[in-house]
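Visitor: Sequence and computational prediction follow.
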Amino acid sequence: MKKQYQLLIALCFVISSSSVFCQAKKPTLMVVPSDVWCVKNGYTMTFDDQGTSVKIPDYKRAFQENAEVLQVISHINGMMAEREFPLKNMESVIKTLNSNMAEDNLRTSKSSGSSISESPIDAFKKVAKADIILQLTWTINKTGPKKSITFNLQGLDAYTDKQVATAVGTGDPSFSADLPVLLSEAVLAHMDNFTESLQLHFDDMFENGREIIVRIQKWDDWDGDLETEYDGEELGFIIEDWLADNTVKGRFSTTDMTENMALFEQVRIPLYSEKNRAIDARRYTSALSKFLKNAPYNIPNKLVMKGLGRATIILGGK
C-alpha cells in the first residue's frame, strides 16, 4: 500500500493538468469566520449538548446579515485558489445543510431508547468534507483617515480540530476603504509560509495516515462487555488487534479501556483505499463494525459519527 501512495505522489509531480490525481495531492480547504469573530459580533446560537448548554457560531446568520463575511471569505478563497488548493464554498455548504432536512441530529437506540446527539457544527463539517478548516479573525483599525486590518488565520485539521498552520499580522495603514484590498495587503506577505505548513501537514497524512478518534461503548441492556472472552481472549484486546492490523504502520493510542468503554486516539487511517478511493472515518470504522457483527463475535452494534473524525461503535444493539 505504501508503494501505491508513493506512486500517486509521483504522478502528481508529473501530471500538470487538473486531473483527479493532482487534486488528490492537495488538501481541500474551507474558509470560515472564527469562533472569536462570531462571538464578538453576536453571531452565535446555543446548542444543548446532552444537558450542557454550548455556544457555537451561527454561520448562516453571519452570511445573511454581515456583508464583510462574504467579502473577506471570498478574497481568501481567491488567494488559495491562485495557489491551486481545492476549496469548498462555505455559503454553498450552508445552503446544502439547510436543504437536507432529513439529517437527524438526534439518534436513538432501537432497543433501549438511549441517544447520542450531534452539534450543528459537526453536521456542518460532515456536509463540507473539507480536510482543513481555515478560521479567519479580522479587525479593522482606524488611524485618522487611514485604515488597516489585523488578522489571524488558523488552519485546523477538520477531523481532529488540531491547529496545523497559522498566520498573524497587521497590514500597513492605507487610505483605501476597500476591505479586500486591506486584507490582501495584510495577508499576502504571510501566505507562502502558511500554505507551506498546510501542505506539509497533508503530506504527513498522505505518508502516515489521517488521524481520527474511535470510541467503543455499550448499551446498558447488553449483557456483554469489553472483558467478555472469545476463544480465550477479551473483546477489548481483540479490538486492539484489529486496529493494529488495519491502521497505517499500526499507529494508534489506547487512551482509556474499561469493561464498558474504550477510547482510541491518534488512530491513523489511510487517505485512500487500494482502489484509490477516498477513505473517511465512517468508511474505515464501518469495517470494524462489520468485523464485530460477524462470527465468531456476532455482536449487534450501532455506528455513530460526530463530525468527520470521531466515530463511536455502540455494542449490543441498533
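Guide: Great, that's in hand.
Visitor: For residue 97, grab the count of nearby residues.
Guide: The burial count assigned to residue 97 is 18, neighbours taken as other Cβ atoms under 10 Å. Glycine gets a C-beta too; all of them are placed from N, C-alpha and C.
Visitor: Next, it: phi, psi?
Guide: phi -60, psi -40 (degrees, to the nearest 10).
Visitor: Name the nearest residue to it, ignoring sequence neighbours.
Guide: Take residue 97 and drop its neighbours on the chain: the residue closest to it by Cβ to Cβ, 6 or more residues apart in numbering is residue 127, 4.8 Å away.
Visitor: The one you found: which element?
Guide: Assigning secondary structure by DSSP states H and E places residue 127 in helix 120-128.
Visitor: Pull out the buried positions in that helix.
Guide: 120, 121, 122, 123, 124, 125, 126, 127, 128 (16 or more other Cβ atoms under 10 Å).
Visitor: what does that helix contact?
Guide: Contact partners of helix 120-128, identified using Cβ atoms under 8 Å, 6 or more residues apart in numbering, comprise 30, 45, 47, 56-57, 59, 88, 90, 93-94, 96-97, 100, 103, 105, 133, 158, 305-308.
Visitor: which SS state does residue 236 fall under?
Guide: Following DSSP: H, G, I helix; E, B strand; the rest coil, the label given to residue 236 is helix.
Visitor: residues in contact with the spatially closest residue to it that is not a sequence neighbour?
Guide: Among residues not flanking residue 236 along the chain, residue 226 sits closest, at 3.9 Å (Cβ to Cβ, 6+ apart). Contacts for residue 226 (Cβ under 8 Å, 6+ apart) come out as 216, 218, 234, 235, 236, 239, 257, 258, 259, 260, 261, 262.
Visitor: Select only the buried ones of the contacts of helix 120-128 in PyMOL?
Guide: The PyMOL command for the buried members of the contacts of helix 120-128 (criterion: 16+ other Cβ under 10 Å) is given here:
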select buried, resi 30+47+56+57+59+88+90+93+94+97+133+158+305+306+307+308
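Visitor: Next step: the contacts of helix 120-128 restricted to strands.
Guide: Residues from those lying in strands, with DSSP state E as the criterion: 30, 45, 47, 56, 57, 133, 305, 306.
Visitor: Am I right that the second one is in contact with residue 62?
Guide: No - contact criterion Cβ atoms under 8 Å: residue 45 and residue 62 do not qualify, at 10.7 Å.
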